[in-house]
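Trainee: for reference, the sequence and a predicted model appear below.
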Amino acid sequence: MSDPFDFDRMLALPRLSSLRISPDGRRLVVAVGRPDAEGKKMTTALWQVDPTDAVAARRLTRSVAGEAGGAAFLPDGSLLFTSSRPDPDAKPDPAAVTREEPTHALWLLPPDGGEARLLAAPAGGVDGLAVSRGAPVIAFGSGLHVGAATFAEDAERAKARREAGVTALLFEDDYPIRYWDHWLAPRRRHLFAAALPAGPEARLVAPRDLEPGASTFAFEETGADLTPDGRTVVASRNDASAIPSLAEDLVAYDLATGESRVLTPGDAWYDAPACSPDGRSVAALRFTRGDARTAQQARLVLVDLATGVQRVLAADLDRWPNAPVWAPDGRAIFFTADDDGHIAVYRVEIGGEVDGRVTRLAATGAYSDLCPSPDGTWLYALRSTIASPPRIVRLDTRAGDQAPAELVNSIDEGGIVAPGVVERLTAVATDGTPIGSWLVRPADASAEASAPLVVFVHGGPLGSWNTWHWRWNAQILVARGFAVLGPDPAISLGYGQAMIQRGWVDWGAAPYTDVMAAVDGALRRPDLDASRTALMGGSFGGYMANWVAGHTDRFRAIVTHASLWELRGFHGTTDTGVFMEHELGDPYRDPARYIRESPSEHVAAIRTPMLVIHGEQDFRVPVSEALRLWTDLRRHGVAARFLYFPDENHWVLKPANARLWYATVLAFLDEHLLGKAFERPALA
């Protein structure tokens, strides 16, 4: 008999991510996240899994600090990973000034096991590992202080600032100046490349800075890959020099000469570069910017490394591709795409008589981290569903719409039993468009004992409900007796470009009426109680929660997390507000769309009790939005509560904070849907 499913049971589940396969195909490595011994933070360890499923998984790394998720195999089977674990060979320095935040260093684990050894520990950390298929050459990101040319100079500048007690940041014509949850100073992320030294004790010395004069935002969260011979790095590079005309181009860096070539014409955003096995081309994602009339669009493109000539792959597939991965023989590219409430796996053929042919390999579930076996026979991946967390599965690389084989000797979950019954629903919008939703309901819900309904609106807004969520987990609410509906309204991914176009610019139109249509359709069921409903959303879902509050009083309660409230102010305070201008226009010359689409314009109509939640470190949707919302709600006499996290960002990541989040939300729903007195969480 398994334990009842609640927050603590969910917290104990292993969180799988960053699946990798060894060059010989005999080992899979996956990052597994769990709470630390004190339960105050999540830590990650690397585990080895047998692709044949013959033997049980075993843990490879053990450190109190834990490891970062993105490991990478070298051609000889050695495993590179990053970790903030201490260097066992470092001598204690009583005079050293302790770092404010731990950074991740680069470590190497030999192919035959043994102790990991430190390769490099720059003060600016190591992230974004990329490894050549055929040579011991790597690329990675690391931060450098402005004016520092080496890691040693960077460390000296950092030490001088700490000893002087200086925390101020100076920006000079930079944009943006912060991103998601961190300021883009005093360090800037640079891209480095290096050949790994031979010898069991060798460390990485003087890696090459591929672009010493890079701007603040040039390599922030951008992808990179290497050609198989290790001679060229292809990276995405941001250009914010002429805002709002932002671009992200593919740039090829010759490691022998130091020269660089821009491969793309500055017409879009190019990301996720993946170099072909023959080193002649690179696959990438191409995102158009969109404008006030035409929605943004994503394509999979193939770019010739010599000429920059590109062509679109899978052009007839009306879906947004993601995460391209080459087949080992170079004759196909695998990728994922949101597809009707799932994240499906696709194969597109490259060259020959079948050039461009697309096959959907798996249609149900949500897939990520595609790993083709070296012989081209199998495709390993992580797969989750609305009812189950990520697990390792195996697919045939050529069979269409197949059922995946789960590796049973993978990471033990301890017998998870999610209590909710998951169903796929379809409603009809006011213009006749089908609106898909996931319903998760208690197994004992019936016409005689109907369940209260809580509606989850997803963020993005370019997103979809299609996978297991650690932050918005419907199963926890179902275990409490609620049913949860997750609709995919206009501007959602997985339903074609026309669905995105329906919600483009007019956020408060079709996205809102589609949510209402999905709710109306679900509430025709006798096992759901139409008189007891609530709505919740985060980010764009929070925007929609605020919009709903100002346009209907049909819900008994609304939870709005990290939400947009007043778009003119949001444009100037969010980390990358100029992105909005491609859709909503120039707010200085014509703020009409910003005013029209702001939920704040309808505050006088709000009657529904609201729970406002926000984190201080959220730079994507700054806490100023919540403060303005709270003031406006109180000024208009709306019954409301405000849950504030001073140490969280756009998400709530620390276990204790997440527990408090769920406890507060459930108490709020209990109060308004079940008629119970609000039970203030003990630690709030």
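Mentor: Done, it's in.

Trainee: and the helices in this protein, which stretches?
Mentor: 7-12, 151-164, 474-479, 497-503, 510-522, 540-549, 567-573, 581-584, 592-596, 623-635, 655-673 (DSSP state H).

Trainee: so which of those helices comes closest to Asp271?
Mentor: For the helices of the chain, the distance to Asp271 is smallest for helix 581-584, at 16.4 Å, taking Cβ to Cβ. C-beta here means a position set from N, CA and C on the backbone, and glycine is covered the same way.

Trainee: and that closest one, C-alpha only, in CSV?
Mentor: What follows is helix 581-584, C-alpha atoms only, in CSV (Å, rounded to 0.1, in the frame of the first residue of the first chain):
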residue,chain,number,x,y,z
GLU,A,581,6.8,45.8,-28.8
HIS,A,582,6.8,43.4,-31.7
GLU,A,583,3.3,42.4,-30.6
LEU,A,584,1.8,45.4,-28.8
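
Trainee: helices or strands up against it?
Mentor: Here helix 581-584 touches no other helix or strand, going by 3 or more Cβ pairs under 8 Å, 6 or more residues apart in numbering; DSSP states H and E.

Trainee: in this protein, which strand is the longest?
Mentor: In the chain, taking DSSP state E as the definition, the longest strand is strand 528-538.

Trainee: what residues does it touch?
Mentor: 441, 445, 450-459, 471-472, 483, 515, 519, 522-523, 543-545, 548, 554-563, 665, 669, 672-674 (Cβ atoms under 8 Å, 6 or more residues apart in numbering).

Trainee: show me what counts as buried in that strand.
Mentor: Residues of strand 528-538 classed as buried by neighbour count (16 or more other Cβ atoms under 10 Å): 528-530, 532-538.

Trainee: and the residues you listed, which is closest to Ala214?
Mentor: Ranked by distance to Ala214 (Cβ to Cβ), those are led by Gly538 at 32.8 Å.

Trainee: how about low-confidence regions in this protein?
Mentor: 1-3, 91-101 (pLDDT under 70).

Trainee: need the distance between the two termini of stretch 631-644.
Mentor: Distance across stretch 631-644, first residue to last, is 14 Å (Cα to Cα, to the nearest Å).

Trainee: and for the chain, the residue most distant from the center?
Mentor: Glu448 (40.9 Å; Cα atoms, centre = their mean).

Trainee: need the phi and psi values for it.
Mentor: phi -80, psi -30 (degrees, to the nearest 10).

Trainee: contacts for stretch 499-511?
Mentor: Identification of contacts with stretch 499-511 by Cβ under 8 Å, 6+ apart yields 290, 292, 294-297, 429, 431, 433, 461-462, 489-493, 514, 540, 543-544, 547, 551, 583-584, 593, 596-597, 599.

Trainee: buried set for that stretch?
Mentor: 499-505, 507-508, 510-511.

Trainee: of the residues you listed, closest to Thr227?
Mentor: Nearest to Thr227, judged by Cβ to Cβ, of these is Ile500 at 34.2 Å.

Trainee: how near is the residue nearest to Glu679 when sequence neighbours are not counted to Phe645?
Mentor: For Glu679, ignoring the flanking residues on the chain, the nearest one in space by Cβ to Cβ, 6 or more residues apart in numbering is Ala667 at 4.8 Å. Remark: distance between Ala667 and Phe645 (Cβ to Cβ, to the nearest Å) = 16 Å.
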